[in-house]
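Asker: A predicted structure for the sequence below; I have some questions about it.
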Amino acid sequence: MTNTAELPTKDTITLIINKKNVDKVTYVFKNQYGNKIGEHVNRPPATLSPQSNVARQCKQIMNRKAKTDSKMLNNQFEEVKQLLQLNYENELSSIEQKIADKKQAEKEKDIIKSKEAITKLQSVDYPLIYIGSIVEWFTAGERNNILYAFTVYAGQVILKNPVSVICLGEASSGKSHIQETALRLIPEKFIVNEKKITEAALFNRAKKDRYFYDGKIVNYGDMGGANDHEFMEESKNLMKELQSDGFLNKPLNIPDGEGGWEVKDLKLEGRPCLTYTTVPNHNFDEQEMSRSIFITPRMDNKEIFNRRNRLLEFKHGRSYNTLKKYENEAELVPYMLLHLKEVFEDIAIINPYVYFVIDFLKNSAFYKRDFDKFNGILKTITALNYYNHEVHDVDGKKVILTNIADVQQFMSLLNPYKESISANLAPKAVDVLNDIRNNIDDWKMQKERVMPGMGITTSEYFQLQNLELSLDSVRKYMYELKNQGFLQITERFSNFNIYDLAKSEIAHISYNLKHIDDSVYEDIRYEIGEWVVELMNEDKFVEGLSVMNFDSEVEKPVWAKTIKTKKTFRKVFEKPLLEKD
């Protein structure tokens, strides 16, 4: 099948169809020796007029050797145009067939992958642990953070629970790695990349489809500086309003295409969530705080990071080949979420252990805004564990109940962030607090300090820290800890303050899962029935269950076997959150 037509002069015209816009055709003219003598972009051949750029060059070539009157030239061009149109239709048919074949191949692949994903979901003990075990191959010590982000993203896909994910960290700290690794496990059709989007672009999206953002994860990419936030502030505020209210109707000034402006109504419906990375010193408004979870990269994993890179440098070595194996296996995860989304179209989740979420948040200054957010995350874990649950009929509606194993996984997932959530602190501020708690007695004894035996200054902490934070970030977090009552100013020396630990600390959170207050059972009996209480009494605590466990079917990477956690982080990562009676 050819897309080239030959002129009476032995010159040729080749058609190149734009596959994204088949009405856009490039006409390439070549002489009898194969040299290009012209190129024009125009519409399909049948629509070309005798005055078009293609017609003019075509007639110029045909008139080059034998002078012909204009009527005859036009007739000759009509014959060439018919031949070009035939070639265009043949080429278009070929393109359409290739597109259809590609769609069919993708459809068949989707069917196969979906079946494999369902089989995997049914076979693994705990899907989130299985996914986390694969994630260990993609990262160096950031499994918990990646699983946290993934679980929140998955909640948007499966249950339409729109919670934003914001990764905070110093430059080159790995915050984008956390976000990107979590997003690769999400079906692509649920992710909308909107870097540097303007209000006008939002309007164009809405004009085509007012539900364009409904149920989507809107990725703003890296917003590392104040200028990025300032540029995106208007569109980000609109997206946050849509996330909160489910609808948006606002007049905007839109360029009219003639150098002026006109007022148009921006109308959007649905509930998206946002995700982006930024630096620690950005200040978030109340609305964004209420709809977001905040993740900070670890700064104590340099050793494991370097070892992973050393091992993977041996291309086609054991670790490299195993990584490729699990990269292929990870392709099933988005299909798992798509399957579970269908499952939960007509199944509701009830959490009879909701009081654990209430207790978990009891010290939070923003309990009311946080409850739905974290209860939704627990329900997402329940949804991921769907095949470990029995489906019940409650007044003609299908229901599954959150169980103790779901709660255990939820609490272990939130373990590194429990103090941050309870005390309304930035996650990295908690790391600073723990760093100071674990080391301040030793630091006080150093003679070279400004005032030995007392607290430390901001500058001194910057020099002594184990977290590799910038001086600006140190100032921000120590100021935050002072305001929240965790640090106090004990002395003022020259132009700086001396800080020491205050008595205010968040008590260690531990729950006994088998000791439930009678009033909780009474409420459950009243609302649903005795059968739920009976199920709860039969529910079993799984010894040692944590999202950081390894699935028995996934090989553990060498670098994950030798993780050494610094003293600074031991308090956060090693302390158990759940206790068995």
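Answerer: Cool, got the structure.

Asker: where does the stretch 251-400 of the chain dip in pLDDT?
Answerer: Scanning the stretch 251-400 of the chain for pLDDT under 70 picks out 256-257, 280-282, 363, 365-366.

Asker: swap in 80 and give it another go.
Answerer: By pLDDT under 80, the low-scoring segments of the stretch 251-400 of the chain are 252-262, 264, 279-290, 299-300, 360, 362-369.

Asker: going along the chain, name the strands of it.
Answerer: Counting by DSSP state E, counting those that start in this stretch, the stretch 251-400 of the chain has strands at residues 261-269, 273-278, 292-295, 347-350, 392-394, 397-401.

Asker: distance check, residue 25 against residue 6.
Answerer: Applying CB to CB, to the nearest Å, the value for residue 25 to residue 6 is 18 Å. Using the backbone N, CA and C atoms, a C-beta is placed for each residue, glycine as well.

Asker: residue 103 too?
Answerer: With CB to CB as the criterion, residue 103 and residue 6 are 34 Å apart.

Asker: tell me which of those two has more neighbours.
Answerer: A count of neighbours by other CB atoms under 10 Å puts residue 6 above the other of residue 103 and residue 6, at 13 against 10.

Asker: next up, the contacts around the more buried one.
Answerer: Neighbour list for residue 6: residue 12 [criterion: CB atoms under 8 Å, 6 or more residues apart in numbering].

Asker: also residue 117?
Answerer: Each residue near residue 117 by CB under 8 Å, 6+ apart is listed here: 332-333, 335-336, 338-339.

Asker: please report phi then psi for residue 243.
Answerer: In terms of degrees, to the nearest 10, the main-chain angles of residue 243 are phi -60, psi -40.

Asker: ok, back up a step: can you lay out the strands of the stretch 251-400 of the chain as CSV showing distance to residue 76 and mean neighbour count?
Answerer: Formatted as CSV, these follow (distance: least, CB to CB, whole Å; neighbours: other CB atoms under 10 Å):
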stretch, distance to residue 76, mean neighbour count
strand 261-269, 48, 15
strand 273-278, 60, 23
strand 292-295, 68, 23
strand 347-350, 70, 17
strand 392-394, 78, 13
strand 397-401, 72, 17
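
Asker: dump the ones you listed to CSV, plus distance to residue 241.
Answerer: Shown next, in CSV, are those (distance: least, CB to CB, whole Å):
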stretch, distance to residue 241
strand 261-269, 9
strand 273-278, 12
strand 292-295, 14
strand 347-350, 27
strand 392-394, 35
strand 397-401, 32
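
Asker: for residue 479, which of those is the nearest?
Answerer: strand 292-295 (17.2 Å; CB to CB).

Asker: what residues does that closest one touch?
Answerer: Contacts of strand 292-295 (CB under 8 Å, 6+ apart): 145, 148-149, 152, 163-168, 175, 178, 274, 284, 373, 377, 417, 420, 426-427.

Asker: of the residues you listed, which belong to strands?
Answerer: Residues from these lying in strands, with DSSP state E as the criterion: 164-168, 274.

Asker: and of those residues, the nearest to residue 540?
Answerer: Closest to residue 540, out of all of the ones in strands among the contacts of strand 292-295 and judged by CB to CB, is residue 165, at 32.1 Å.

Asker: what count of nearby residues applies to the closest one?
Answerer: Residue 165 is flanked by 26 other residues according to other CB under 10 Å.

Asker: same thing with the one 3 residues further on?
Answerer: Burial measure for residue 168: 21 neighbouring residues, criterion other CB under 10 Å.

Asker: could I get the contacts of residue 117 as a markdown table with distance to residue 318 and neighbour count?
Answerer: Compiled in a markdown table, the contacts of residue 117 are given as follows (distance: CB to CB, whole Å; neighbours: other CB atoms under 10 Å):
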| residue | distance to residue 318 | neighbour count |
| --- | --- | --- |
| 332 | 23 | 21 |
| 333 | 24 | 23 |
| 335 | 28 | 21 |
| 336 | 27 | 27 |
| 338 | 33 | 19 |
| 339 | 32 | 18 |
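
Asker: quick check, nearest of those to residue 394?
Answerer: Comparing the contacts of residue 117 against residue 394 with CB to CB places residue 339 closest, at 23.2 Å.

Asker: quick check: residue 480 touching residue 426?
Answerer: Yes - with contacts counted by CB atoms under 8 Å, residue 480 reaches residue 426, the gap being 6.4 Å.
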